[in-house]
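Student: build me a model from this:
(4 chains)
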2 protein chains.
Amino acid sequence: MTSDGVKDGETPRRSRRGSGAVTLHDVARIAGVAPITASRAVNTPTQVSAEVLRKVSDAIARTGYVPNRTAGALASARSRLIAAVVPTIAGSVFLASVQALTETLAASGYQLMLGQSGYDPQREDALLEAIIGRRPDGIVLTGILHTPEGRRRLVAAGIPVVETWDLTPTPIDMLVGFSHVDVGRRVAEHLHGRGRRRLAIVSGDDERARRREDAFASAAQALGLPEVRHVIVPAPTTLRSGRAALSELLQAGADVDAVFCSSDMLALGVITEAQSRGLAVPEALAVIGFGDLEFAADLHPALSTVRINGAEIGRQAARFIVERAEGRPVESRIVDIGFSIAERESV
Amino acid sequence: MTSDGVKDGETPRRSRRGSGAVTLHDVARIAGVAPITASRAVNTPTQVSAEVLRKVSDAIARTGYVPNRTAGALASARSRLIAAVVPTIAGSVFLASVQALTETLAASGYQLMLGQSGYDPQREDALLEAIIGRRPDGIVLTGILHTPEGRRRLVAAGIPVVETWDLTPTPIDMLVGFSHVDVGRRVAEHLHGRGRRRLAIVSGDDERARRREDAFASAAQALGLPEVRHVIVPAPTTLRSGRAALSELLQAGADVDAVFCSSDMLALGVITEAQSRGLAVPEALAVIGFGDLEFAADLHPALSTVRINGAEIGRQAARFIVERAEGRPVESRIVDIGFSIAERESV
DNA sequence: GTGAAAGCGCTAACAA
DNA sequence: TTGTTAGCGCTTTCAC
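Tutor: Residues are numbered from 1 along each chain as shown, chains lettered A, B, ... in the order given. Down below sits the predicted model:
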């Protein structure tokens, strides 16, 4: 008798459904070993004899067997699935993080499930429920802001969580980010140091950008500069909204000599609008962006911007998650990856 | 006795692991119904009495139960998971498709697993194996080119497949795309119609772009134009490679009055380089892009480009997949969503 | 409308 | 090194 109660050599009757796909049982039967042995040959080949390994490999090659990870996940309580939540992937500064995350995880045998919250806390909650239902081995979040409900759920689920792109002394679990307050302050100081006095800020309507904005304004005030002009544009930010923002500023008769934009795309919009009006950048107007996207360094004029190592955020988040999933303790749970100001031609 | 052999009201002993999470059994026990009844209350509420529904809902609220979709997927052979493969998400023209896909699927209760093949057939194959192992209810592919091995695997797995962003008479399964050959031809005709005679093409090194390129060159020849100048840049394309490409063209002494770029970012690069050299666009040089990304219409000059409705590709792909997953037959398996030429200032 | 039984495909625990 | 047993948490089948 074989282990599943089927007489030797007979075709097993599947009393229910069965997708018809090749299963580990089929492979084991063909290889002439027990299912668990075939499982070991697949997952921990060092634990089986060369003889068994050969027979099982042959059987797999002959049948085209692809392990059913869903079943494996259920049995082992390890899904090898990681979820990531971003506000949006459209033209976003988070792409480098997601890309690095995907690649680093793939290298360790994990896959990514991507969700978009659309800057909407309610959708984020719904998404969280859907994600938790999949029992991923980890969740990577963009930002630290969650509804109390979402936070509670996440803690209750007991799934490792990495929050990113921000800093807080009280993360849910692990954290990889930088200080938006520091960014705002440093940019104000940078512009001041370059002789700019009449500052403006064009900012997307999202929480982190608002925090940079506030810090920027406070720092300007502390430096004795006139009040900062603000233009808020909807998130996600676009080239178009950058153009519109500069128009608005100019039409309001604002006397500005430098603009801090909450994204590089917005900055490109401001530069584009300036150029179309014959306003020289940086002579008449300095422009500084945020993100240091691929194109920033190659614009004409080259865009000064706040450089965030988004890829490193993704990589570090992946490392955190994998460490945890493999059961290794994570020594430091909070990593401040910092930022720098890429000084180029537009300031 | 309850159905799982545990005496009424007693704590079930879990002989093996058990994540400790609340299960449907727990909910059922608290609600005083059988597990299957609780399952029905959750999944097909119309099939249970109001009384049962209330008791089960209460129990769920009290326990914070989140259904384990992994177990559900295994039992029902429906994962409600869809996989998508893109070459890369970095600054890509596919983002609109992925975004629309995610949203449309989410609205029907499906989630997206995202994989990046990095324009590498081998990685695509590895990815495919990882994906098939998850037994998704559908797979959305970018492009139609797969290794024979990958194609074989996909067919063997019996999972609904939608190929996108291209056209072929022999899709693996379903298809949403447009003709790259037509694009190349139409752009050549468009430039010719606008009085341009000395054409060049700057193209990313990927298969679809090459096909547009070839069709563009052939059409130019058919129109009696001088031979088209080609510059091939690595994929993914960037602003930088666009600038470099125009420099190369100019340094080679090429006498060109129009450039067709295989992406809008590339086109922005060409425009940027032209501007930095004092070369007027469109007067001295016409530039046309591909993709009609968000920023294209708002550049200065506004970028003429090939408009692809990427979001619609994503939505249609989602519809295909969901129809199939719900067991409804898909009437037409091939959709040509076409394209148009957005005529703006750069030509 | 509700429930008992069986099992999806795999692996942890324990035994030999 | 290999195998037996017993599930992981859910849903299908079939019966009432």
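Student: all strands of the stretch 1-150 of chain A, in order?
Tutor: In the stretch 1-150 of chain A, the strands defined using DSSP state E, counting those that start in this stretch lie at A:81-86, A:111-116, A:138-142.
Student: which neighbours in the sheet does the last one have, and how are they oriented?
Tutor: Each strand paired with strand A:138-142, and its direction, by DSSP bridges: strand A:81-86 (parallel), strand A:161-164 (parallel).
Student: got the CA positions of the longest one in PDB?
Tutor: This points to strand A:81-86. Output of strand A:81-86 as PDB, limited to C-alpha atoms (Å, rounded to 0.1, in the frame of the first residue of the first chain):
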ATOM      1  CA  LEU A  81       4.900  36.400  -0.800                       C
ATOM      2  CA  ILE A  82       5.500  40.000   0.200                       C
ATOM      3  CA  ALA A  83       3.000  42.700  -0.200                       C
ATOM      4  CA  ALA A  84       3.800  46.300  -0.900                       C
ATOM      5  CA  VAL A  85       1.500  49.300  -0.800                       C
ATOM      6  CA  VAL A  86       2.200  52.500  -2.700                       C
END
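Student: just want the angle from it to strand B:111-116.
Tutor: Orientation note: strand A:81-86 sits at an angle of 90 degrees relative to strand B:111-116 (axes from the mean of the first three to the mean of the last three C-alpha atoms, to 10 degrees).
Student: ok, back up a step: so which of the strands paired with strand A:138-142 gets nearest DNA strand D?
Tutor: Nearest to DNA strand D among the strands paired with strand A:138-142 is strand A:81-86; the distance by C-beta to the nearest atom of the strand comes to 15.3 Å. No exception for glycine: its C-beta is placed from N, CA and C like everyone else's.
Student: so is that closest one next to DNA strand C?
Tutor: No - for strand A:81-86, no contact with DNA strand C is found by C-beta under 7 Å from any atom of the strand; the gap never falls below 14.2 Å.
Student: what residues does that strand touch?
Tutor: A:73, A:92, A:94, A:98, A:101, A:105, A:110-117, A:124, A:127-128, A:131, A:134-142, A:318, A:321, B:113, B:134 (C-beta atoms under 8 Å, 6 or more residues apart in numbering or on different chains).
Student: one more time with 7 Å, if that's ok
Tutor: The contact list for strand A:81-86 (C-beta atoms under 7 Å, 6 or more residues apart in numbering or on different chains) reads A:92, A:94, A:98, A:101, A:105, A:110-117, A:124, A:127, A:131, A:134, A:136-142, A:321.
Student: enumerate every residue touching residue A:69.
Tutor: Applying C-beta under 7 Å, 6+ apart to residue A:69 gives the contacts A:80, B:133-134.
Student: same thing but at 8 Å, please
Tutor: By C-beta under 8 Å, 6+ apart, the neighbours of residue A:69 are A:79-80, B:133-135.
Student: format the residues you listed as TSV; extra columns: pLDDT.
Tutor: Formatted as TSV, these follow (pLDDT from 0 to 100):
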residue	pLDDT
A:79	95
A:80	95
B:133	96
B:134	96
B:135	96
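Student: JSON lines for these, including neighbour count?
Tutor: Formatted as JSON lines, the contacts of residue A:69 follow (neighbours: other C-beta atoms under 10 Å in any protein chain shown):
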{"residue": "A:79", "neighbour count": "24"}
{"residue": "A:80", "neighbour count": "19"}
{"residue": "B:133", "neighbour count": "18"}
{"residue": "B:134", "neighbour count": "23"}
{"residue": "B:135", "neighbour count": "22"}
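Student: TSV for those residues, including distance to DNA strand C?
Tutor: Listed next are those as TSV, based on distance: C-beta to the nearest atom of the strand, whole Å:
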residue	distance to DNA strand C
A:79	11
A:80	10
B:133	8
B:134	12
B:135	8
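Student: among these, which one lies nearest to residue B:280?
Tutor: The nearest member of those to residue B:280, counting by C-beta to C-beta, is residue B:134 at 53.3 Å.
Student: the closest one contacts residue B:113, correct?
Tutor: Yes - using C-beta atoms under 8 Å, residue B:134 is in contact with residue B:113, at 6.7 Å.
Student: which neighbours do these two share?
Tutor: Shared contacts of residue B:134 and residue B:113, counting by C-beta under 8 Å, 6+ apart, come down to A:81, A:111, B:81, B:83.
Student: which of those has the weakest pLDDT?
Tutor: Among these, residue A:111 has the lowest pLDDT, at 93.
Student: check contacts around that one.
Tutor: A:80-82, A:105, B:113, B:115, B:130-131, B:134.
Student: pull out the buried residues from stretch A:325-337.
Tutor: Buried residues in stretch A:325-337, counting neighbours by 16 or more other C-beta atoms under 10 Å in any protein chain shown, are found at A:325, A:335, A:337.
Student: which ones among those map onto strands?
Tutor: Under the assignment DSSP state E, the buried residues of stretch A:325-337 contribute residue A:335 to strands.
Student: between the buried residues of stretch A:325-337, which sits nearest residue B:205?
Tutor: Comparing the buried residues of stretch A:325-337 against residue B:205 with C-beta to C-beta picks out residue A:337 as the nearest, at 32.5 Å.
Student: check the gap between that closest one and DNA strand D for me.
Tutor: In this view, residue A:337 and DNA strand D are 36 Å apart by C-beta to the nearest atom of the strand, to the nearest Å.
Student: mind checking which of the strands of the stretch 1-150 of chain A is nearest residue B:306?
Tutor: Taking C-beta to C-beta, strand A:111-116 is the member of these nearest to residue B:306, at 26.2 Å.
Student: show me what contacts residue A:198?
Tutor: A:225-226, A:255-258.
Student: and these, which of them are buried?
Tutor: Buried by 16+ other C-beta under 10 Å: A:225, A:256-258, out of the contacts of residue A:198.
Student: what secondary structure does residue A:189 sit in?
Tutor: helix (DSSP: H, G, I helix; E, B strand; the rest coil).
Student: that one - how many residues pack around it?
Tutor: 16 (other C-beta atoms under 10 Å in any protein chain shown).
Student: ok, and the closest non-adjacent residue to it?
Tutor: residue A:219 (6.2 Å; C-beta to C-beta, 6 or more residues apart in numbering or on different chains).
Student: for that neighbour, what are its contacts?
Tutor: A:184-185, A:188-189.
Student: let's have those in JSON lines, adding pLDDT and distance to residue A:262.
Tutor: Listed next are the contacts of residue A:219 as JSON lines, based on pLDDT from 0 to 100; distance: C-beta to C-beta, whole Å:
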{"residue": "A:184", "pLDDT": "98", "distance to residue A:262": "10"}
{"residue": "A:185", "pLDDT": "98", "distance to residue A:262": "15"}
{"residue": "A:188", "pLDDT": "98", "distance to residue A:262": "14"}
{"residue": "A:189", "pLDDT": "98", "distance to residue A:262": "18"}
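Student: from chain B, how far off is residue A:33?
Tutor: According to C-beta to the nearest C-beta, to the nearest Å, residue A:33 and chain B sit 21 Å apart.
Student: cool, residue A:36 as well?
Tutor: 14 Å.
Student: with residue A:137 as the reference, measure out to that residue.
Tutor: Distance check for residue A:36 against residue A:137: by C-beta to C-beta, to the nearest Å, it reads 23 Å.
Student: quick one: which of the two has more around it?
Tutor: Taking other C-beta under 10 Å, residue A:36 and residue A:137 do not tie; residue A:137 has more neighbours (22 against 11).
Student: just give the closest residue to that one, not the sequence neighbours.
Tutor: Sequence neighbours aside, residue A:325 is the residue nearest to residue A:137 in space, at 4.3 Å (criterion: C-beta to C-beta, 6+ apart).
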